[in-house]
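J.: curious how this folds, go ahead:
(one chain, ligands or ions: 1)
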Amino acid sequence: MNSPIGVFDSGIGGLSVAREILRKLPREHIIYFADTAHVPYGERSLNEIRYFALGITRFLIEQGAKAVVMACNMSSAVALDDARILWPDVPIIGVIEPGARAAVKASGGKPIGILATTGTVKSGAYVSQIAAIDSSIQVSQQACPRFVPLVEAGLAESEEAEVAAREYVEPLVRAGCKVLVLGCTHYPFLRRAIELAAGADVVVVDPAEETAATLAHVLSEQGILSVSMAGTHEFYASGDVTSLKELGSRFLGLPISDVLRVNLTSGDVESVGCRSENSQIGS
Ligand code: DGL
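T.: Numbers count the residues shown, from 1 in each chain. Modelled structure (predicted):
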């Protein structure tokens, strides 16, 4: 019950999901893994992403995770089914099923636009998940290769981000989309620029909230919700730790003073720091 929840992404994007989990389940303890040695995932092959995602899932389960959240759309698109087969006893939650559900709910049958990385667009995962819920809804996709590097570089609030947002959002608005899905967990960092480009009559959906609700439901069904007081969170990165420490702390509203560096290929864990106290999650 009081074991941690493993959450991972290619970088700091998955913190947008971790934030929702901690808002909804403040007693839970999170182990967060950022695959910064390989970020951005966007232009990599789907096979490579599957390999990374399964390696990270294994690592988190070895650290004692009672559940794993793939807080990465690309990983959810290509590795979720395999992970559920490999670890049938551990609940593994992706972001695409909840994201598709939230989008359909918000759309009222109107066209939906997906903003995502090139890999997620190629996988067609949102298109098929939405069609499985309501095949009459029109879905358009837009790959946004410049977004993740901007977020990781701390430029989410820049002029450059606004220009990119206009370029990516306008084709979807022209196609008549009334709902835009933030189909990459880095994009909530760009929400202001995306909403500005989309205009007031378009609803922007972040799958994070529905993902946290799904996790809460699964943990409660299995009787493994934490009953302890809020504990500590642990942060790991496979490469550079700066974005997690600096941007991540600000985004989560928690000090992330230390991050453990992990080389998953060799299995080594090189300590360059450690934990963060669980306190209030910022907005
Ligand atoms: N944040 C991840 C996603 O949701 C991956 C982004 C990337 O590294 O390109 O797909």
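
J.: which residues of this protein lie near the ligand?
T.: 9-11, 13, 39-42, 72-74, 117, 120, 148, 184-186 (Cβ under 6 Å from any ligand atom). Yep, even glycine has a C-beta here, placed from its N, CA and C like the rest.

J.: narrow the residues you listed to those that are buried.
T.: With burial judged by 16 or more other Cβ atoms under 10 Å, the buried subset of the residues of the chain next to the ligand is 9-11, 13, 39-42, 72-74, 117, 120, 148, 184-186.

J.: in helices, which of the residues of the chain next to the ligand fall?
T.: If you go by DSSP state H, those have Asn73, Met74, Thr120, Val148 in helices.

J.: got phi/psi on Tyr233?
T.: To be clear, residue 233 is His; Tyr isn't right here. phi -110, psi 150 (degrees, to the nearest 10).

J.: pull the number of nearby residues for it.
T.: His233: 22 surrounding residues under other Cβ atoms under 10 Å.

J.: how near is it to Leu22?
T.: Using Cβ to Cβ, to the nearest Å, His233 is found at 8 Å from Leu22.

J.: what sits against Ile137?
T.: Ile137 sits next to Val104, Ser107, Gly109, Lys110, Pro111, Ile112, Ile130, Ala131 when contact means Cβ atoms under 8 Å, 6 or more residues apart in numbering.

J.: one more pass at 7 Å, please.
T.: When contacts are counted by Cβ atoms under 7 Å, 6 or more residues apart in numbering, Ile137 touches Val104, Ser107, Gly109, Pro111, Ile112, Ile130.

J.: distance of the residue lying closest to the third one once chain neighbours are set aside from the ligand?
T.: Leaving aside its sequence neighbours, Gly109 sits nearest to Ile137 (Cβ to Cβ, 6 or more residues apart in numbering; 6.2 Å). Counting by Cβ to the nearest ligand atom, to the nearest Å, the gap from Ile137 to the ligand is 22 Å.

J.: helix/strand/coil for Ile137?
T.: Here Ile137 is recorded as coil under DSSP: H, G, I helix; E, B strand; the rest coil.

J.: so where's the protein uncertain?
T.: Scanning the chain with the threshold set as pLDDT under 70 gives 230-231, 265-283.

J.: contact partners of stretch 121-129?
T.: Identification of contacts with stretch 121-129 by Cβ under 7 Å, 6+ apart yields 46, 77-78, 96-97, 100, 114, 116, 139, 141, 143, 181, 183.
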